[in-house]
Structures are given as structure tokens and as C-alpha cells.
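Trainee: Sequence isn't available, so here's the structure alone:
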């Protein structure tokens, strides 16, 4: 898994990952599944974590975020953006701790 921050900003990371085919905006729902809020839903065993990038806010380091680049075993690629640290989603963190981690 690529866990180094090779992007300067969250928007730069999002733009570059979109060019790599990560074109679905996922989130982890309250049921603990990866979802696109439409018709796609995946269990942790169906997801591979490809990249992780962390960002601090420009004016306030407490405003930090984390971006996960994921791919499902059926081929869908997308990103999950969450707050990093105390403000982050425990559901998202728990989900990402259960998925397979693999280099992009």
C-alpha cells in the first residue's frame, strides 16, 4: 500500500487519483459497509486499500483529513475522505482496519 503523502493538497490528490480511475466517491455507512450512496455496497473483505494520504489544514493543523484510495474485488475504484484524528469517523477507521492493504 502506498502510504506516503505524495500530494501537496487534498484537492491535488483527488484530481490525480481521478486520472488514475478512482472515480467513485465512497463513504462507510452506518452499517459498516463501503457505499456510493446509490446501489453499490461492499463488505471489508470485498475491498482493497491501495493508497492512504493525510493532510493538515493550511491555517489550523487540527483541520486534518485522510484520503483512502480503494478498489473493490469486482473492479470499482474510488476514494473515501474522512477527518483525521479525534474528529474522524470511528466507523470508517474500523472499516479500513479490516480491509486488505495492497500497493497501488
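Mentor: Structure's in. What do you need? None of these values were measured; they are calculated from a predicted model.
Trainee: When you work out contacts or count neighbours from here on, use the C-alpha atoms and nothing else.
Mentor: Fine.
Trainee: which of the residues in the one helix or strand residue 14 maps to are buried?
Mentor: Element membership for residue 14, per DSSP states H and E: helix 10-19. Neighbour counts over helix 10-19 (16 or more other Cα atoms under 10 Å) mark 10, 13-14, 17-18 as buried.
Trainee: What mean pLDDT does that helix get?
Mentor: The pLDDT scores in helix 10-19 average 94.
Trainee: now the most centrally placed residue in the chain, what's its secondary structure?
Mentor: Centroid-nearest residue in the chain, with Cα atoms, centre = their mean: residue 68, separated by 2.1 Å. When classified by DSSP: H, G, I helix; E, B strand; the rest coil, residue 68 comes out as strand.
Trainee: Read off the pLDDT value for it.
Mentor: On the pLDDT scale, residue 68 is placed at 95.
Trainee: got a list of what it touches?
Mentor: Neighbour list for residue 68: 49-53, 79-81 [criterion: Cα atoms under 8 Å, 6 or more residues apart in numbering].
Trainee: if we can go back for a sec, please convert the buried residues of helix 10-19 to a markdown table, extending it with distance to residue 24.
Mentor: Below are the buried residues of helix 10-19 laid out as a markdown table (distance: Cα to Cα, whole Å):
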| residue | distance to residue 24 |
| --- | --- |
| 10 | 16 |
| 13 | 14 |
| 14 | 11 |
| 17 | 10 |
| 18 | 9 |
